[in-house]
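Chemist: Generate coordinates for the sequence data below:
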Amino acid sequence: MGEFSDKIKGNANEAAGNLKQDIGDATDNRQMEQEGFEQERKGEAQQLRGELKEDAKKTVDRM
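Modeler: The predicted model follows:
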């Protein structure tokens, strides 16, 4: 998976996770809130992976 698609998927997971957290909080559904938290963290990790891939590619291109 390329760095761009990692970043896009990461953004989508972060947004979905935030929405789940908000819905879980509003409906007092702690399980949904926790799932949202975990999905948000997954999105952050995907974005970081995309950034690291991009940095690695830039480093190789400079060689």
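
Chemist: use CA for all of it now, contacts and neighbours both
Modeler: OK.

Chemist: What are the contacting residues of the helix or strand harbouring G24?
Modeler: Using DSSP states H and E, G24 falls within helix 3-26. Contacts with helix 3-26, where a contact means Cα atoms under 8 Å, 6 or more residues apart in numbering, come from 29-54.

Chemist: next one: stretch 31-51
Modeler: For stretch 31-51, using Cα under 8 Å, 6+ apart, the contacting residues are 2-25.

Chemist: Next, count neighbours for E51.
Modeler: 16 (other Cα atoms under 10 Å).

Chemist: Show me where this protein dips below the pLDDT cut-off.
Modeler: Within the chain, the stretches with pLDDT under 70 are 1.

Chemist: residue closest to the middle of it?
Modeler: G43 (1.0 Å; Cα atoms, centre = their mean).

Chemist: which among the contacts of stretch 31-51 end up buried?
Modeler: 3, 6-7, 9-24 (16 or more other Cα atoms under 10 Å).

Chemist: re earlier: quick one, phi/psi of the residue nearest to the centre of the chain?
Modeler: phi -60, psi -40 (degrees, to the nearest 10).

Chemist: The closest residue to it other than its chain neighbours and M63, how far apart?
Modeler: Excluding the flanking residues, the one nearest G43 by Cα to Cα, 6 or more residues apart in numbering is G10, at 3.8 Å. Remark: distance between G10 and M63 (Cα to Cα, to the nearest Å) = 29 Å.
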